[in-house]
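Asks: model the structure of this input:
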Amino acid sequence: MRIIRLLKNDLAREASLWVEDKIISPEQAAQICSRYGADYFNQKKSRYGYFVLTMLGVLFIGLAIITIVSANWENIPRWARMLGLISLTMLTNLLGIKRAADGGNNAAVGWFFLGGLFYGASIMLIAQIYHIGEHYPDGIFWWAAGILPIALLMKSTLLLLLAAALSGIWFFTESSLGFYPALFPVFLSALAWHCFKVKKNSFLFLALVCGLGCWLEYSYSWLLGGFNHFEAGVENLALGISIFILLYGLAHRLAADKKWEDYGILLGTWVLRFTLFSLIIFSFDWAWKEVFRAEWLMPPVTIGLAVLCSVFSALLVKNNTSRLIFISAAAIIFTGILLVITAQAEIGGNMLLVFQVADNIILLISGAYLIIAGIQGSITHYFFLGIITILLTALIRYIDLIGNYIGASFLFILFAVILFSAAHFWKKNNQGEVK
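Replies: The predicted structure follows:
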């Protein structure tokens, strides 16, 4: 069972009350907290809320100063603008260096964060003063690149988050203008180093996974465009599914390691949500029509990447037979679909219907499996996700295909059967546990 950070702190405080009421001993409280990653002995030293509020205050101070300067920008002489921007940036960063030297790490991070905001404002405003360059993404890149070394030296999650956000903005603005963001992996490497070597952080880990996925997709589009422009198409969808097959294996590999269990559970949860969302999209016939009508530029490369991702995913879970079978089945089905799609330029409506019906059946099976797994494993997320999947599938099919009173009656009966069956299974499972 995974608990978010704020609830971990609540658990530690609640355990202290149990100790005071002599319900459990301090040793037992420490063991309970340790099981869920909470620190029983250092809970009073936690200043997370104070740090968040302080950093938000620093953010608004920076925005206020930048707003005031912008409002009076035209009335300030050019030399005063230049001197003021450089002085303000240097002063805040020097104060950060001083506080870091004195051992005040949180205060230093606050000053560096404020200095980072002023640094970015200085880049943009100085470029405006002297009309330096017309490729504005360069300014965002140097803003992110300037903050990154300080974030790595301070090992600060906040500063790295700022650098990651700026690098993401640069990535999309650079690519939107038709240029390949070749240096984006530098920022991804920094995120990976922080997440796996410095401090575990779920938000940065998700940012790393999303950033890596976007970079791979854009790189493939660059390949499809002959390395001179981006050519996005249906093959990006195929690559995305291949990547998520690989991420499924990675999630279970991480979850099997006690040290990275939180990462594995988090990644597995989002892979599951993406899978169900994709199945819902392809439960409509128009989605299959678009895929079959699309022009495939490099079918062999796309199929090869799908096979490669599936093989790596299988290697990651080779010690888990059930996961290995699941990945193998998913890989075979996905590769088979790709072969059918790329081999036939035109396909009849009957075949489209077969794919659509098969997708809906998989959705129902997935929902039922999640309900059973949720009940057996006492995982409420799986249980309710399974219920939502089945009911949403039935509702979509009612709107899309049935749409009359008789169909609605059968639909509501199906709802009742599903819910009564789930309730009966839950009751039977709980009675078995009591016995």
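
Asks: need the next SSE after whatever helix or strand Leu364 lives in, C-terminal direction.
Replies: For Leu364, the host element (DSSP states H and E) is helix 349-377. As assigned by DSSP H and E, the chain's next helix or strand after helix 349-377 is helix 380-397.

Asks: just checking, what packs against that following helix?
Replies: Judged by 3 or more C-beta pairs under 8 Å, 6 or more residues apart in numbering; DSSP states H and E, helix 380-397 is in contact with helix 261-281, helix 349-377, helix 405-434. All C-beta spots, glycine's among them, are computed from the backbone N, C-alpha and C.

Asks: mind putting the ones you listed into CSV with mean pLDDT?
Replies: CSV is the format used below for the helices and strands packed on helix 380-397 (pLDDT from 0 to 100):
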stretch, mean pLDDT
helix 261-281, 89
helix 349-377, 79
helix 405-434, 66
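
Asks: I'd like those laid out as a markdown table, including distance to Ser242 and mean neighbour count.
Replies: What follows is the helices and strands packed on helix 380-397, written out as a markdown table (distance: least, C-beta to C-beta, whole Å; neighbours: other C-beta atoms under 10 Å):
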| stretch | distance to Ser242 | mean neighbour count |
| --- | --- | --- |
| helix 261-281 | 12 | 17 |
| helix 349-377 | 18 | 16 |
| helix 405-434 | 32 | 12 |
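
Asks: so which of these gets nearest Val19?
Replies: helix 261-281 (26.0 Å; C-beta to C-beta).

Asks: what packs against the closest one?
Replies: helix 202-224, helix 234-255, helix 349-377, helix 380-397.

Asks: redo the ones you listed as JSON lines? Include distance to Val109.
Replies: Output for those, formatted as JSON lines (distance: least, C-beta to C-beta, whole Å):
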{"stretch": "helix 202-224", "distance to Val109": "15"}
{"stretch": "helix 234-255", "distance to Val109": "28"}
{"stretch": "helix 349-377", "distance to Val109": "40"}
{"stretch": "helix 380-397", "distance to Val109": "34"}
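
Asks: nearest to Gly268, out of these?
Replies: Gly268 lies closest, by C-beta to C-beta, to one member of the helices and strands packed on helix 261-281: helix 234-255, at 3.7 Å.

Asks: would you mind writing the CA trace of the closest one as PDB?
Replies: Listed next in PDB are the C-alpha coordinates belonging to helix 234-255 (Å, rounded to 0.1, in the frame of the first residue of the first chain):
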ATOM      1  CA  VAL A 234       0.000   7.200 -37.200                       C
ATOM      2  CA  GLU A 235       3.500   5.600 -36.600                       C
ATOM      3  CA  ASN A 236       3.900   7.900 -33.600                       C
ATOM      4  CA  LEU A 237       0.800   6.200 -32.100                       C
ATOM      5  CA  ALA A 238       2.400   2.800 -32.700                       C
ATOM      6  CA  LEU A 239       5.600   3.900 -31.100                       C
ATOM      7  CA  GLY A 240       3.700   5.300 -28.100                       C
ATOM      8  CA  ILE A 241       2.000   2.000 -27.500                       C
ATOM      9  CA  SER A 242       5.400   0.200 -27.900                       C
ATOM     10  CA  ILE A 243       6.900   2.600 -25.300                       C
ATOM     11  CA  PHE A 244       4.100   1.900 -22.800                       C
ATOM     12  CA  ILE A 245       4.600  -1.900 -23.200                       C
ATOM     13  CA  LEU A 246       8.300  -1.200 -22.200                       C
ATOM     14  CA  LEU A 247       7.200   1.000 -19.400                       C
ATOM     15  CA  TYR A 248       4.900  -1.800 -18.100                       C
ATOM     16  CA  GLY A 249       7.800  -4.100 -17.700                       C
ATOM     17  CA  LEU A 250       9.900  -1.300 -16.200                       C
ATOM     18  CA  ALA A 251       7.100  -0.600 -13.700                       C
ATOM     19  CA  HIS A 252       7.000  -4.100 -12.400                       C
ATOM     20  CA  ARG A 253      10.800  -4.400 -12.300                       C
ATOM     21  CA  LEU A 254      10.900  -1.200 -10.100                       C
ATOM     22  CA  ALA A 255       8.000  -2.400  -8.000                       C
END
